[in-house]
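Peer 1: Sequence and computational prediction follow.
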Amino acid sequence: MVKELFYIFLSAVLVNNFVLTYFLGICPFLGVSNKIESALGMGFATTFVMTFASTISWLIYYLFLEKFGLSAFLGYSVFILVIASLVQLVEMFIRKYSPGLYHALGIYLPLITTNCAILGLCLFMIIRNYGFIESIVFGFSSGIGFSLVLLIMAGIREHLDTCEVPQVFRGASITLITAGILALAFMGFGGIIK
Amino acid sequence: MNRIKKLLIEGLWKNHPVFRQLIGMCPTLAVTTSAINGLSMGLSVIFVLTCASFIVSSLRKIIPPQVRIAVFTIIIATFVTLVDLFLKAYFPEISKSLGPYVPLIIVNCIILGRMEAFASRNPVIYSVLDGLFMGTGFTWGLVILASIREILGGGTIFGINLYQNGKILVMILPAGAFFALGFLVALMNLLEKRKW
């Protein structure tokens, strides 16, 4: 059991990283990765929401939708509602109990709703038939993987600022090519898990 | 008529969703391993975008502004579910190779972006056309990117064999998607800078 959970963790963080392998969460990955502090805040908030989204979606999907035979045509709508209300809830909770953290996260908190990594997480959880505990670990480790790549990218981009990039490659173009090289590097982790 | 022409140019070139706005990145990068996948994803997005534009624009005076994002998302999710079930029933192979990226159209920023920026504040006819043109712009972007990756990485185009030796395998892999799009965006910048 512990071994399998560890495999799920390693796979989600390094081998099948959400950003670099499945291209999920590319928008914040390109948008928020220009400063290390904002990348850290975004990573933290996303990990938080991902862990809870996978937990709650699993409960609703298997205890309610599956039982009443609604999963085929209501599944997606329910997931997106769960995510949206969860983000709202997390926002209210953090604002009440930790105003400092709330101000640090700022605009990134509501933006998590439209992060495709969260919906992707719920879909993968269903496709791969994960159990309850596995889903929680999967959600948490996907969040960690997302934060890791976001931080690495922010570090690289802070250095890129001082480099002389050819005019036409400036902006999104060089960021995408950098992400490509990062994806190549992460392919090296491929052999860890069979 | 002038307005329609403007919308057409905006959607297909000037405000191109993939190369100019850089939104809707996750399907763009993920499904473009072969031209046929890119085309199917593009057609699905055209359908969802046009239908959702029609509904949102028709209901734009009734939807309360406080909950509009939630309403848009549910409308989009309905049409995406339709597409998903349709593909599963009639094109099971395509559905399998697109995998979770069909349901992920729900959170595709292009669609939500057009609802918020255009369909929720313009008459029905223009909104439908805007959805159609933006979707078409997205589709040609996807087909170009997918063709480049398929030709370089797999030596085929739409499944037809072109050559055997010297394939650049990395273009099919995730890293290749980033490279191809990065260079295409640079090419677009170059074309933009040049005055014709």
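Peer 2: Thanks, I have the structure now.
Peer 1: Quick one: mean pLDDT for stretch B:100-112?
Peer 2: The average pLDDT for stretch B:100-112 rounds to 87.
Peer 1: what's the answer for stretch A:77-91, then?
Peer 2: Rounded mean pLDDT across stretch A:77-91 is 82.
Peer 1: Tell me the buried residues in the longest helix belonging to chain A?
Peer 2: Counting residues, the longest helix found in chain A (DSSP state H) is helix A:132-160. With burial defined by 16 or more other C-beta atoms under 10 Å in any protein chain shown, the residues of helix A:132-160 counted as buried are A:134-154, A:157. For the C-beta atoms, the positions are set from N, CA and C on the backbone; glycine is no exception.
Peer 1: Chain B next: which of those residues are close?
Peer 2: Applying C-beta under 8 Å from any C-beta of the partner chain, the subset of the buried residues of helix A:132-160 adjacent to chain B is empty.
Peer 1: returning to that earlier point: counting contacts, what elements does the helix or strand just after the longest helix of chain A pack onto?
Peer 2: The C-terminal neighbour of helix A:132-160 among helices and strands, as given by DSSP states H and E, is helix A:172-187. Secondary-structure packing of helix A:172-187 (3 or more C-beta pairs under 8 Å, 6 or more residues apart in numbering or on different chains; DSSP states H and E): helix A:18-22, helix A:26-31, helix A:132-160, helix B:174-193.
Peer 1: quick one on the thing from earlier: quick one: average confidence on the longest helix of chain A?
Peer 2: 92.
Peer 1: relative to helix A:172-187, how tilted is that helix?
Peer 2: 130 degrees (axes from the mean of the first three to the mean of the last three C-alpha atoms, to 10 degrees).
Peer 1: give the contact list for residue 186.
Peer 2: No chain was given, so I picked chain A. A:14, A:17, A:20-21, A:149 (C-beta atoms under 8 Å, 6 or more residues apart in numbering or on different chains).
Peer 1: that's the other chain; I wanted chain B
Peer 2: A:168-169, A:173.
Peer 1: if I pick the residue nearest to it when sequence neighbours are not counted, what's in contact with it?
Peer 2: Counting by C-beta to C-beta, 6 or more residues apart in numbering or on different chains, B:A186 lies nearest to A:S173, which is 4.2 Å off, once chain neighbours are set aside. A:S173 is in contact with B:182-183, B:185-186, B:189, counting by C-beta under 8 Å, 6+ apart.
Peer 1: 6 Å instead, please
Peer 2: Contact analysis of A:S173 by C-beta atoms under 6 Å, 6 or more residues apart in numbering or on different chains lists B:182, B:185-186.
Peer 1: quick one, the longest helix seen in chain B and helix B:174-193 angle?
Peer 2: Assignment by DSSP H gives helix B:124-154 as the longest helix of chain B. Compare the direction of helix B:124-154 with that of helix B:174-193 by the same axes, to 10 degrees and you get 120 degrees.
Peer 1: immediately after helix B:124-154, which helix or strand?
Peer 2: Heading C-terminal from helix B:124-154 (DSSP H and E), you reach strand B:156-157.
Peer 1: For chain B, which segments are assigned as helices?
Peer 2: Using DSSP H, helices in chain B cover B:2-9, B:25-30, B:35-58, B:68-90, B:92-98, B:109-117, B:124-154, B:174-193.
Peer 1: Quick one: name the residues of chain B near chain A.
Peer 2: B:22, B:25-26, B:29-30, B:73-74, B:77, B:81, B:100, B:103-104, B:106-107, B:109, B:174-175, B:178-179, B:181-182, B:185-186, B:189-190 (C-beta under 6 Å from any C-beta of the partner chain).
Peer 1: Quick one, which of those are buried?
Peer 2: Using 16+ other C-beta under 10 Å, the buried members of the residues of chain B next to chain A are B:22, B:25-26, B:29-30, B:73-74, B:77, B:81, B:100, B:103-104, B:106-107, B:109, B:174-175, B:178-179, B:181-182, B:185-186, B:189.
Peer 1: Quick check: which ranges of chain B have low pLDDT?
Peer 2: When residues are selected by pLDDT under 70, those of chain B lie in B:195-196.
Peer 1: What sits closest to the most centrally placed residue in it if chain neighbours are left out?
Peer 2: Nearest to the mean C-alpha position of chain B, by C-alpha atoms, centre = their mean, lies B:F138 at 3.8 Å. What sits nearest to B:F138 in space, not counting adjacent residues and going by C-beta to C-beta, 6+ apart, is B:P17, at 4.9 Å.
Peer 1: for B:N15, same thing?
Peer 2: The nearest residue in space to B:N15 (C-beta to C-beta, 6+ apart) is B:Q21, at 6.5 Å.
Peer 1: Not including adjacent chain positions, what is the nearest residue to B:S34?
Peer 2: Per C-beta to C-beta, 6+ apart, closest to B:S34 is B:E150, 4.8 Å.
Peer 1: How far away from the center of its chain is stretch B:38-57?
Peer 2: 9 Å (C-alpha atoms, centre = their mean, to the nearest Å).
Peer 1: Please enumerate residues in contact with that stretch?
Peer 2: So stretch B:38-57 is contacted by B:27, B:31-32, B:75-76, B:79-80, B:83, B:94, B:105, B:111, B:115, B:119-120, B:124, B:127-128, B:131-132, B:135, B:138-139, B:142-143, B:146 (C-beta under 6 Å, 6+ apart).
Peer 1: repeat that with 7 Å
Peer 2: B:27, B:31-32, B:72, B:75-76, B:79-80, B:83, B:94, B:98, B:101-102, B:105, B:108, B:111, B:114-115, B:119-120, B:122-124, B:127-128, B:130-132, B:134-136, B:138-139, B:142-143, B:145-146 (C-beta atoms under 7 Å, 6 or more residues apart in numbering or on different chains).
Peer 1: now these: which count as buried?
Peer 2: B:27, B:31-32, B:72, B:75-76, B:79-80, B:83, B:94, B:98, B:101-102, B:105, B:108, B:111, B:114-115, B:119-120, B:122, B:127-128, B:130-132, B:134-136, B:138-139, B:142-143, B:145-146.
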